[in-house]
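Undergrad: No sequence on hand, only this structure:
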Ligand code: GLC
């Protein structure tokens, strides 16, 4: 089975991971310094949010040079060394690749906007228009995607913020240039790309108006209908589905067998179209259902069953609890570590790729920075919306809050920086740093470490089939993973009271937490505890 189907991914947001030069911003040398710790945790693949040259208006998602490193983070030598050191530890590297748009300070765009005759004019999407925008398209941030340029008296299109002009993939030169960028990094040995807002790559050739929709708020897993529009003509176009295959084909000639993971959103049908009807499109897509989990056994059971029926092998589901755009899951659990352990066990034991956002392993908390004082451009756009209101409406505005510096130890600034941190460091209590949690066998960090390592050790977890098992206990989720050699059964009690279950098959606990224990044929599962049980019978059979 291909390696990327079996891996686990850990996302590093370079701004906030580890500073090495005292400027208050994380950097590559800092990450290098922490590499052994990441390895020790058991991480297999590291995904880096962008560290390319960028004005930093969207903290790196506005790139002005795809093949150089932003001086804030270090140099190309640092990057080469980082890649080498990651590989030396048998881990892999995935870079974030923003193909949809550049920064408006990118030389291509500066050239493009200089004149309607610029050779780079067609690198971007320009339309004539004076007072009226060329059509009704609303961007993903809820305003018209058209931006007027008084100099050339035309509009350019941006499906995100106006300083992020969309590239025009109907121009073969754009494709060629971006494939060149992928080649540059693949030759350096990177093992894959996370493709930023890949659902937005193509826009309708005829610029037709989007139809009306009743829906206003987007959700993490659905941007297709939002802001009273069905985004039929500016998101998820069939051309984007075909392009996914083209990129896959392009990268697959590299010997490291790199993979693509797409940030796309929409119905399962849309996700599947990106993955390709023969699983020949993007290797993986982010599946964001876990972001708005309901803490109920039924929710998780339904999710597993849905993924097994819609994304069966050779498709590989992904399980995502958070990222640099979403409220941290620990806050949605009211900080309850017992519940966090249950969720993470689910994430790691399901068939698919678990994706962990830095800090989740220690329960790093959300910040409380108001929308008004946010550095995030989305917060700046909505600065007059009070935090309590956005929280009440369940919309996440100030992404600074999920990007706070990592807490390594209880020294100054949690060991993140000697300088002035670019975002405030969260409150340090002795128990919530990496260092303190490493020393506590019951900590969340240790739970993550166990799960990362169990995945490494047991093929059945990485590649076995999955089946849910009905129980008489409404609050208990039970599922089985099987391959030729092993069967394991996972029991998770989402309820507030202890449950006892019968288990007749012979076996032994592989891992128990939250007080779960086996007593003969009876399993005792205290509230919010979990147990992974290994069935022994099959072990004797050959192969
Ligand atoms: C993606 C990124 C987000 C960024 C946006 C524009 O959604 O995850 O952080 O702001 O794309 O590039």
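TA: Structure received. Remember, it's a predicted structure, so these values are computed and weren't measured experimentally. Numbering: from 1, shown residues only.

Undergrad: check contacts around residue 193.
TA: 94-97, 182, 185, 251, 258, 260-261 (CB atoms under 8 Å, 6 or more residues apart in numbering). Glycine gets a C-beta too; all of them are placed from N, C-alpha and C.

Undergrad: Which ones among these map onto strands?
TA: The strands, defined by DSSP state E, take in 94-97, 260-261 from those.

Undergrad: of all those residues, which comes closest to the ligand?
TA: Lowest distance from the ligand to those (CB to the nearest ligand atom) belongs to residue 96, with 8.0 Å.

Undergrad: Just give the closest residue to the closest residue to the ligand within the stretch 351-500 of the chain, not the sequence neighbours.
TA: Going by CB to the nearest ligand atom, the ligand is nearest to residue 399 of the stretch 351-500 of the chain, at 6.9 Å. Spatially, and ignoring its direct neighbours in sequence, residue 399 is nearest to residue 376 (4.4 Å; CB to CB, 6 or more residues apart in numbering).

Undergrad: That neighbour touches residue 400, doesn't it?
TA: Yes: using CB atoms under 8 Å, residue 376 is in contact with residue 400, at 5.0 Å.

Undergrad: can you give me the strands in the stretch 251-400 of the chain?
TA: Remark: strands assigned in the stretch 251-400 of the chain by DSSP state E, counting those that start in this stretch are 259-262, 284-285, 318-320, 353-357.

Undergrad: cool, the stretch 51-200 of the chain as well?
TA: Under DSSP E, counting those that start in this stretch, the stretch 51-200 of the chain gives strands at 52-53, 65-69, 92-97, 126-128, 146-149, 154-157, 192-195.

Undergrad: name the helices or strands packed onto the fifth one?
TA: In other words, strand 146-149. On a contact count with 3 or more CB pairs under 8 Å, 6 or more residues apart in numbering; DSSP states H and E, strand 146-149 meets strand 154-157.

Undergrad: any common contacting residues for residue 376 and residue 400?
TA: With CB under 8 Å, 6+ apart, residue 376 and residue 400 have no common neighbours.

Undergrad: closest point of the chain to the ligand, which residue?
TA: residue 61 (3.4 Å).

Undergrad: from what I can see that residue touches residue 163, true?
TA: No: with contact defined as CB under 8 Å, residue 61 and residue 163 do not form a contacting pair (10.4 Å).

Undergrad: distance between stretch 491-511 and the chain's centre?
TA: Mean-position distance between stretch 491-511 and its chain equals 31 Å (CA atoms, centre = their mean, to the nearest Å).

Undergrad: mind checking the end-to-end distance for it?
TA: End-to-end distance for stretch 491-511: 11 Å, by CA to CA, to the nearest Å.

Undergrad: Would you mind listing the buried residues in it?
TA: Residues of stretch 491-511 classed as buried by neighbour count (16 or more other CB atoms under 10 Å): 491-495, 499, 501, 503, 507, 510-511.

Undergrad: Would you convert these into CSV that also reports distance to the ligand, secondary structure and pLDDT?
TA: As requested, the buried residues of stretch 491-511 are exported to CSV (distance: CB to the nearest ligand atom, whole Å; DSSP: H, G, I helix; E, B strand; the rest coil; pLDDT from 0 to 100):
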residue, distance to the ligand, secondary structure, pLDDT
491, 35, strand, 97
492, 30, strand, 98
493, 34, strand, 98
494, 30, coil, 98
495, 35, coil, 98
499, 39, strand, 97
501, 41, strand, 94
503, 43, coil, 84
507, 42, strand, 93
510, 35, strand, 97
511, 33, strand, 98
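
Undergrad: Relative to residue 144, which of those residues is nearest.
TA: residue 494 (43.7 Å; CB to CB).

Undergrad: give me every residue that touches the closest one.
TA: Residue 494 neighbours (CB under 8 Å, 6+ apart): 295-297, 300, 342, 475-477, 528.

Undergrad: Apply 10 Å and report the result again.
TA: 294-300, 339, 342-343, 346, 473-477, 525, 527-528, 530 (CB atoms under 10 Å, 6 or more residues apart in numbering).

Undergrad: same check, this time on residue 138
TA: Each residue near residue 138 by CB under 10 Å, 6+ apart is listed here: 144-146, 159, 210, 226-229, 231, 234.

Undergrad: Also residue 335?
TA: When contacts are counted by CB under 10 Å, 6+ apart, residue 335 is found next to 363, 365-366, 432.

Undergrad: Now the two most distant members of these.
TA: It's 366 and 432 that sit farthest apart of these, by CB to CB, at 12.9 Å.

Undergrad: Okay then, goodbye and thanks.
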